[in-house]
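1. kindly return the folded structure for what I paste below:
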Amino acid sequence: MRVKGCCEEVPPALSSRQAESAVELFRALSDPTRVQMIHMLRQTREPICVCDFTAAFDLGQPTVSHHLARLREAGLVRTSKRGLWSFYQLRGDLDERTRTILRALT
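-> Next up is the predicted model:
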């Protein structure tokens with residue numbers, strides 16, 4: 001008969017909030033286009049225009065905007081408007097865990 005915890009001390013689980021936060025992050029990164037977007041945003045100091053992403057991926061503006069919205073909802077990017085266009089950049093206040101995961105993408 002197997003007794004719980006008899007072989008090795010098991011580390012404590014993440015809090016429900018931490019686990020859900022990790023799941024949201026991985027969902028946001030679960031698409032190749034979004035991973036590429038994060039890679040590009042990490043490589044530049046200037047915000048990238050949605051029109052430049054559209055050209056880089058040969059995708060329509062609605063598709064690119066959908067991907068960027070997913071990244072924004074996950075708290076990874078922030079947006080600013082210049083005239084008609086939206087520009088995106090990584091948020092500067094990402095926690096260390098998130099920055100470590102994003103570094104692993106490049």
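2. helices of the protein, residue ranges please.
-> With DSSP state H as the criterion, the chain has helices at 16-28, 32-43, 50-57, 61-73, 96-103.
3. nearest to L90 among those helices would be which one?
-> L90 sits nearest to helix 32-43 of all those, at 4.8 Å, using C-beta to C-beta. C-beta here means a position set from N, CA and C on the backbone, and glycine is covered the same way.
4. show me what the closest one is packed against.
-> Contacts defined by 3 or more C-beta pairs under 8 Å, 6 or more residues apart in numbering; DSSP states H and E place helix 32-43 against helix 50-57, helix 61-73, strand 85-90, helix 96-103.
5. let's go with 6 Å and repeat that
-> helix 61-73 (3 or more C-beta pairs under 6 Å, 6 or more residues apart in numbering; DSSP states H and E).
6. and the helix it packs on, average pLDDT?
-> Averaging pLDDT along helix 61-73 gives 95.
7. list the contacts of it.
-> Contact with helix 61-73 is made by 28, 33-34, 50, 53-54, 77, 88, as judged by C-beta atoms under 6 Å, 6 or more residues apart in numbering.
8. give me the number of residues near the residue nearest to K81 when sequence neighbours are not counted?
-> Among residues not flanking K81 along the chain, F87 sits closest, at 7.6 Å (C-beta to C-beta, 6 or more residues apart in numbering). For F87, the count of nearby residues is 16 (other C-beta atoms under 10 Å).
9. in CSV, list the helices of the chain along with mean neighbour count.
-> What follows is the helices of the chain, written out as CSV (neighbours: other C-beta atoms under 10 Å):
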stretch, mean neighbour count
helix 16-28, 13
helix 32-43, 16
helix 50-57, 16
helix 61-73, 16
helix 96-103, 13
